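Predicted model, plus sequence, below.
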2 protein chains.
Amino acid sequence: MKSLVIDADRHTPDTLDAVHVEQHDIETRAGECRVAVTLAGICGTDLQILQGYAGFSGVPGHEFVGVVETAPDGDRHWIGKRVVGEINIGCGTCDWCRADTANHCPTRTVLGIVGRAGAFASHLSLPAGNFHIVPDTLDDEAAVLVEPTAAACEILTQVDIGPRARVGVVGDGRMALLVGQVLRTTGADVTLFGKHDWKLQVARDLGLDAKRSADDVPTSTFDVTVDVTGRPAGLSRAMELVRPRGTVVMKSTFHGETPITLWPAIVDEVTLVGSRCGPFADAIALLTGGQVHIGPLLAGTYPLEEFGAAFNAARSELKVLLQP
Amino acid sequence: MKSLVIDADRHTPDTLDAVHVEQHDIETRAGECRVAVTLAGICGTDLQILQGYAGFSGVPGHEFVGVVETAPDGDRHWIGKRVVGEINIGCGTCDWCRADTANHCPTRTVLGIVGRAGAFASHLSLPAGNFHIVPDTLDDEAAVLVEPTAAACEILTQVDIGPRARVGVVGDGRMALLVGQVLRTTGADVTLFGKHDWKLQVARDLGLDAKRSADDVPTSTFDVTVDVTGRPAGLSRAMELVRPRGTVVMKSTFHGETPITLWPAIVDEVTLVGSRCGPFADAIALLTGGQVHIGPLLAGTYPLEEFGAAFNAARSELKVLLQP
């Protein structure tokens, strides 16, 4: 067994000095299953964690596909199954958990993000209740993108987007390209705003409208905008593009304090919605149904030991995968 | 006729040097009515306008009660009526205006705020369509508070607040005390958080729960919180107090850029809602029905010429009125 580990006492944000791969036993927690990780995906949150976000130390990684190796009594029918897994593990007894929303359990752990070793490892531990079977028609590269696709689907559970809606997605990275494809399934008119010509071309190849963010675009016109940049300037742009009484979805987390000009959102009675993890079943349906394509997003698969090259690629490329 | 005027070329924010009262004719715009102002109220927006907010020059003031003196043909039945008036004047032809929502008309003027002389004057000009009759049972001091009470009522048109909701109002000023009273009409459990003992006592005298903002209060517990401080620290407090998937209402405008820590709102999937002008009819009903009391808020009425003393009082006291 082996894991990629971020040292607890690192003091050098934004470098890979505090990261190494080590051979060691990986604990399967009591009542949980052991999964052999086939592939894991690098996302923006992982890159932020390397810079100190959430004060995380240990094994990062929360997007994976794998095969269940061991399971406790009662869950043994999972053994041998190819699965993806939801990343929040709740206490099981609070109001949130009883409402089947461990995502907001105040004492939850989160795979590779809060208090729990993650997926950049040969094996990981999760409760069987977090698993979803991967259909045979979905290959491993697509399956590892179920988690971020689910996060994109979360927007549809929060905001009513009808077929006549005008939607603007600010960002042209891997997550923006998923969000654009997911929101297009409503029939809405979706335009993606980015600053990298080649990524905008990927968006167009996926059938999305795409514009340079700096282009002269009528402001205050979109019913819904989504910031998928994780940068204050992206959120500001999303707030400029939205119409009065429209909705701005904040899809990517911001590290630290964000200086934003709020008064126009108050005068225009804009709604801002924070959006995080979403429904895996919806994501699996969209990926198997061919409404969300991940082929053009894939930028390479690296062995776990080549994490340096992988993280560097993930900073500029689209979706980079790790193979433990 | 006389008006309080902010000079166009002022370069000294936050002083009263650029303000004077002058005798002059006040134009009644074509197709509009002339109103003799009985009383006008000073609100936080007026104090921000003195500091340069919205780049306004001319006659400020947007809370008033008055008597209609002249009206064009077709509206002459308004003459002699005691009225309050909605403050947004739209183009009349755009989608917003046709939906009877001039509040968001992109070319609107706003009484005493955008492109139109306001209520700190002996007379003002408004279209008859903006008027609401003041019932005889509502005295002038209460009537002048219809506009801010309507702004508090706007929250109820935007956010679903049921009788079991836990609501936190951050702020203890005049607007916070109106918001607290209005939200309490839902049957919800409303707690007001402030930092001035005497204002918190006013809140308690009005029958509201009131706590010092610095007191040790469980965070992440309120279903809905409202920032009525207009300060970044107030918005941050409102965001701390709200539960996951709860709603933070931004009721007061912020001048300039606001540094806020947004990631917890994204992780907790919090909704932030900008809220501005509201329904006058609802406000009149609450004030005449005795569900909103304004007596304890009144801090004095000043002649227009004593604007300096009035503005200074409005900075620390509750509701200060001007009598032209």
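Perfect, I can see it now. Small disclaimer: the values here were computed from a predicted structure and weren't measured.

My read is that A:A143 contacts A:V84, right?
Yes: contact between A:A143 and A:V84 holds when scored by Cβ atoms under 8 Å: they sit 5.5 Å apart. Just so you know, the C-beta spots here come from the backbone N, C-alpha and C atoms, and that holds for glycine as well.

any shared contact partners between those two?
A:65, A:134 (Cβ atoms under 8 Å, 6 or more residues apart in numbering or on different chains).

Could you check the one helix or strand in chain A whose mean pLDDT sits lowest and say which residues are buried?
Least confident helix or strand, chain A: strand A:257-261 with a mean of 86, by mean pLDDT, DSSP states H and E. By neighbour count with 16 or more other Cβ atoms under 10 Å in any protein chain shown, strand A:257-261 contains the buried residues A:258, A:260.

what lines up beside it in the sheet?
Using DSSP bridges, the strands paired with strand A:257-261 in its sheet are strand B:257-261 (antiparallel).

Before we move on, what's the pLDDT of A:H293?
For A:H293, the pLDDT comes out at 97.

Same question for A:H123.
Looking at A:H123, its pLDDT is 98.

Quick check: it vs B:I266, distance?
Per Cβ to Cβ, to the nearest Å, A:H123 is found 30 Å from B:I266.

what's the longest helix in chain A?
helix A:146-158 (DSSP state H).

Report all helices and strands that it contacts.
strand A:63-70, helix A:174-184, helix A:280-288 (3 or more Cβ pairs under 8 Å, 6 or more residues apart in numbering or on different chains; DSSP states H and E).

Dump these to TSV, plus mean pLDDT.
Below are the helices and strands packed on helix A:146-158 laid out as TSV (pLDDT from 0 to 100):
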stretch	mean pLDDT
strand A:63-70	98
helix A:174-184	97
helix A:280-288	98
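
For B:G112, find the nearest of the ones you listed.
Closest of those to B:G112 is helix A:174-184, at 40.6 Å (criterion: Cβ to Cβ).

Please see if the closest one touches chain B.
No: looking at helix A:174-184 against chain B by Cβ under 8 Å from any Cβ of the partner chain, there are no contacts, and the closest approach is 12.8 Å.

Parallel or antiparallel, list what pairs with the helix or strand following that helix.
Counting by DSSP states H and E, the next helix or strand C-terminal to helix A:174-184 is strand A:189-194. Here strand A:189-194 is paired, per DSSP bridges, with strand A:166-170 (parallel), strand A:209-212 (parallel).

Please list all residues in contact with the residue in the stretch 1-150 of chain A positioned nearest to chain B.
Closest residue of the stretch 1-150 of chain A to chain B, Cβ to the nearest Cβ: A:H104 (3.9 Å). A:H104 is in contact with A:96, B:244-245, B:268-269, counting by Cβ under 8 Å, 6+ apart.

how near is it to B:L262?
Taking Cβ to Cβ as the measure, A:H104 falls 17 Å from B:L262.

Equivalent analysis for A:P148, please.
Counting by Cβ to Cβ, the gap from A:P148 to B:L262 is 20 Å.

Can you tell me which of the strands paired with strand A:189-194 is most buried?
Across the strands paired with strand A:189-194, the average number of neighbours (mean count of other Cβ atoms under 10 Å in any protein chain shown) peaks for strand A:166-170, which reaches a mean of 28.

Now do that one: everything it contacts.
A:161, A:176, A:179-180, A:183, A:188-193, A:213, A:221-229, A:234-235, A:237-238, A:241-242.

ok, of those, which come out buried?
A:161, A:176, A:179-180, A:183, A:188-193, A:213, A:222-229, A:234-235, A:237-238, A:241-242.

hmm, back to that, in strands only, show me the contacts of A:H104.
Those of those mapping onto strands are B:244-245, per DSSP state E.

Which single one of the contacts of A:H104 is nearest to B:I6?
Taking the contacts of A:H104 together and measuring to B:I6 by Cβ to Cβ, the closest member is B:D268, at 41.6 Å.

Contacts only, for that closest one.
Residues in contact with B:D268 (Cβ under 8 Å, 6+ apart) are A:104, A:274, B:220, B:242-246.

let's go with 6 Å and repeat that
By Cβ atoms under 6 Å, 6 or more residues apart in numbering or on different chains, the contact list for B:D268 reads B:P244.

Might you enumerate the residues of chain A proximal to chain B?
Applying Cβ under 6 Å from any Cβ of the partner chain, we find that chain A lies next to chain B at A:104, A:244, A:250, A:253-254, A:257-259, A:261-263, A:265-267, A:269-274, A:276.

Filter the residues you listed down to the buried ones, ChimeraX style.
Remark: buried members of those, expressed as a ChimeraX selection using 16+ other Cβ under 10 Å:
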select /A:104,244,250,253,254,258,262,263,265,266,267,269,270,271,272,273,274,276
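
now, which of the residues of chain A next to chain B lie within helices?
Those of those lying in helices (DSSP H): A:263, A:265-267.

Turn those residues into TSV, columns for pLDDT.
TSV is the format used below for these (pLDDT from 0 to 100):
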residue	pLDDT
A:W263	89
A:A265	94
A:I266	94
A:V267	93
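
Go through the residues you listed and say which is closest to B:L318.
Nearest to B:L318 among these, with distances taken as Cβ to Cβ, is A:I266, at 22.1 Å.

Let me see the contact set for the closest one.
B:250, B:253, B:274.

The first one is in contact with B:G274, isn't it?
Spelled out, it's B:M250. Yes: B:M250 is within contact range of B:G274, at 5.1 Å (criterion: Cβ atoms under 6 Å).

sorry, back to before: let me know which of the strands paired with strand A:189-194 is the nearest to B:G52.
Closest approach to B:G52 among the strands paired with strand A:189-194 is made by strand A:166-170 (29.7 Å; Cβ to Cβ).

Restrict that closest one to CA atoms and write it as PDB.
Taking C-alpha atoms only, strand A:166-170 is exported to PDB below (Å, rounded to 0.1, in the frame of the first residue of the first chain):
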ATOM      1  CA  ARG A 166     -29.800  32.800 -20.300                       C
ATOM      2  CA  VAL A 167     -26.900  31.300 -18.400                       C
ATOM      3  CA  GLY A 168     -23.300  32.600 -18.200                       C
ATOM      4  CA  VAL A 169     -20.500  30.400 -16.900                       C
ATOM      5  CA  VAL A 170     -17.400  32.400 -15.900                       C
END
